[in-house]
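>>> next one to model:
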Amino acid sequence: MSPVTILHIDDDSNDLVLFQHACQKAGVRCNLQNVEDGEHAISYLRGAEPFADRERYPVPALVLLDLKMPRIHGFEVLAWMRGNEQLRATPVVVLSSSNHEADVKRAYDLGANSYLVKPVAFDALVEIAKSINQFWLSLNVKNAP
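Below is the predicted model:
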């Protein structure tokens, strides 16, 4: 069985690299796809160019979503996903530096499945990767397509 695909959407290249390393250190077996903004996220999820090759860019089993991004922000990506018949049941975990109550409420109101605040320490990020693997990729019962 091939590893599940996680789409990590974050405009900070350092956060993308750190999460890749955290997954490796946590022993998370996944196909981690990274895009740097909401426009690319929607293109990826739609299977539009340059992400049309679904062998190379599979539909994700889980989306990790930053909120604060240029052009199309995470809230808009989340709203778009929940309005899309094929993607509305895909689990979305918000992974944001914001712990503002209004952001948390808005994310849940738009259909986020979970909201996590990005930790400062790398070891805490490794624990988040382990938790995501344990719950979302192992224990959670997936919705049938």
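>>> in the chain, which spans are helices?
13-26, 38-46, 74-82, 101-109, 122-132 (DSSP state H).
>>> mind putting those into JSON lines with mean pLDDT and distance to Val93?
Glycine gets a C-beta too; all of them are placed from N, C-alpha and C. Putting the helices of the chain into JSON lines (pLDDT from 0 to 100; distance: least, C-beta to C-beta, whole Å) gives the following:
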{"stretch": "helix 13-26", "mean pLDDT": "91", "distance to Val93": "11"}
{"stretch": "helix 38-46", "mean pLDDT": "96", "distance to Val93": "14"}
{"stretch": "helix 74-82", "mean pLDDT": "97", "distance to Val93": "11"}
{"stretch": "helix 101-109", "mean pLDDT": "97", "distance to Val93": "10"}
{"stretch": "helix 122-132", "mean pLDDT": "92", "distance to Val93": "6"}
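>>> Val4 is nearest to which of these?
Proximity to Val4 (C-beta to C-beta) singles out helix 122-132 among the helices of the chain, at 10.9 Å.
>>> CA atoms of the closest one as PDB?
Taking C-alpha atoms only, helix 122-132 is exported to PDB below (Å, rounded to 0.1, in the frame of the first residue of the first chain):
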ATOM      1  CA  PHE A 122      11.100  21.800  16.600                       C
ATOM      2  CA  ASP A 123      10.400  18.900  19.000                       C
ATOM      3  CA  ALA A 124       6.900  20.200  19.500                       C
ATOM      4  CA  LEU A 125       6.400  20.200  15.700                       C
ATOM      5  CA  VAL A 126       7.600  16.500  15.700                       C
ATOM      6  CA  GLU A 127       4.900  15.700  18.300                       C
ATOM      7  CA  ILE A 128       2.300  17.400  16.100                       C
ATOM      8  CA  ALA A 129       3.500  15.300  13.100                       C
ATOM      9  CA  LYS A 130       3.200  12.200  15.300                       C
ATOM     10  CA  SER A 131      -0.300  13.200  16.400                       C
ATOM     11  CA  ILE A 132      -1.500  13.900  12.900                       C
END
